[in-house]
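**Q** Test case, fold it:
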Amino acid sequence: MKHKSDEQSKRHAFGGLCKKIPKHEARDYYDELKRQHDREATFSDLSAKEMDQIYTENKYLATEQIFNVLGLNVIVTDDVIVKALQSLPERKRDIILLSYFLKLSDREIRDKLNILFRIKKQVRCDS
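**A** Next comes the predicted model:
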C-alpha cells in the first residue's frame with residue numbers, strides 16, 4: 001500500500017510543479033516587460049532636444065567645400081550654403097564664416113578683419 005501512496009504523492013508533487021512553472025514563467029515575463037517599459041521610451045515621447053542627441057547623418061556621399069579664412073580651414077557640406085557663400089564677395093564671406101562657423105564675436109571679427117585689411121592696404125600701397 002505504501003508504494004501506491006508514495007507514487008501518488010510524487011504525482012501530486014509533479015503535478016503541482018507543472019502548474020507552478022508556467023505561473024512563475026508568466027510572472028517573470030510580465031516583470032521583464034515592466035522593466036523594459038520603465039527603461040524604454042518611444043520616439044514619439046522624446047523631446048526635440050533628445051531626438052537631436054540620438055540621430056546621425058550619413059556624410060559619405062556629401063561633398064565638402066573648404067573655405068580658408070584668416071588661415072583657418074572651414075569645411076561646409078551643404079551644397080546650397082556652399083553656392084551662396086561662393087556668390088558673396090570675399091570680405092562678406094569671411095564675416096559669415098567667422099561668425100556662424102567659427103563662432104567668433106562681432107568684436108573679434110572686427111579686430112581680425114581690420115588687421116587683415118590694414119596689411120592688404122599696405123601691400124597695395126607698397127606695390
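**Q** CA only for contacts and neighbour counts going forward, please
**A** OK.
**Q** Break this protein into its domains for me.
**A** Following automatic domain parsing, the chain resolves into domains at 2-43, 65-126.
**Q** Adding mean pLDDT, distance to Lys49 and mean neighbour count, write these out as a markdown table.
**A** Compiled in a markdown table, the domains of the chain are given as follows (pLDDT from 0 to 100; distance: least, Cα to Cα, whole Å; neighbours: other Cα atoms under 10 Å):
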| stretch | mean pLDDT | distance to Lys49 | mean neighbour count |
| --- | --- | --- | --- |
| domain 2-43 | 84 | 12 | 11 |
| domain 65-126 | 83 | 21 | 13 |
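**Q** could those be laid out in a markdown table, adding distance to Asp52?
**A** A markdown table is the format used below for the domains of the chain (distance: least, Cα to Cα, whole Å):
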| stretch | distance to Asp52 |
| --- | --- |
| domain 2-43 | 11 |
| domain 65-126 | 18 |
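**Q** of all these, which lies closest to Glu57?
**A** domain 65-126 (11.6 Å; Cα to Cα).
**Q** so how far is whatever helix or strand Asp6 lives in off the chain centroid?
**A** Assessed by DSSP states H and E, Asp6 sits inside helix 2-39. Here helix 2-39 shows a centroid-to-chain-centroid distance of 45 Å under the convention Cα atoms, centre = their mean, to the nearest Å.
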